[in-house]
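# Sequence and predicted structure, then a few things I'm wondering about:
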Amino acid sequence: VINAALTLAARPQSKVAQDNMDVFKDQWEKQVRILTEAVDDITSVDDFLSVSENHILEDVNKCVIALQEGDVDTLDRTAGAIRGRAARVVHIINAEMENYEPGVYTERVLESIRLLSETG
């Protein structure tokens, strides 16, 4: 991927370099998805939520510090990380809820997930 990107940067008008970059990018993304699915298979939802919560809290603290220091770049980057983590929580919990019979519990969880996804 890096070499394909360097080639494309050196020859930005080259159709061959662009096509090469696209092939490597697609393969990279496919491999990342496979790795993510493998990690998901060995990680419990409780552990995932606990770690996600801790990371989000750390990110919120970074945002507060960035606000106090007027560091717009860090604020923007960290807020983006929070949005990404929240989107991942939504994805994992939606998938987990498919394992449960519909009922009050699942409805409340899905409503909470809907609210979380709307705030991003």
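Perfect, thanks for sending it.
# Quickly list the domain ranges of this protein.
1-42, 44-120 (automatic domain parsing).
# Now tabulate these in a markdown table and tack on mean neighbour count.
Just so you know, the C-beta spots here come from the backbone N, C-alpha and C atoms, and that holds for glycine as well. Formatted as a markdown table, the domains of the chain follow (neighbours: other C-beta atoms under 10 Å):
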| stretch | mean neighbour count |
| --- | --- |
| domain 1-42 | 12 |
| domain 44-120 | 13 |
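# Turn these into TSV, including mean pLDDT.
Formatted as TSV, these follow (pLDDT from 0 to 100):
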stretch	mean pLDDT
domain 1-42	95
domain 44-120	95
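# Any idea how far apart the tips of stretch 95-103 sit?
End-to-end distance of stretch 95-103 (C-alpha to C-alpha, to the nearest Å): 16 Å.
# same deal with stretch 7-23?
Stretch 7-23 has an end-to-end distance of 13 Å (C-alpha to C-alpha).
# so how far is it from its chain's centroid?
27 Å (C-alpha atoms, centre = their mean, to the nearest Å).
# Residues in contact with that stretch: which ones?
4, 5 (C-beta atoms under 8 Å, 6 or more residues apart in numbering).
# mind checking how far the spatially most central residue of the chain is from residue 44?
Central residue of the chain (C-alpha atoms, centre = their mean): residue 84, 3.8 Å from the mean position. Using C-beta to C-beta, to the nearest Å, residue 84 is found at 21 Å from residue 44.
# that older thread, check which helix or strand covers the residue nearest to the centre of the chain.
helix 72-97 (DSSP states H and E).
# Can you name every helix or strand that that helix contacts?
Packing partners of helix 72-97 (3 or more C-beta pairs under 8 Å, 6 or more residues apart in numbering; DSSP states H and E): helix 45-69, helix 104-119.
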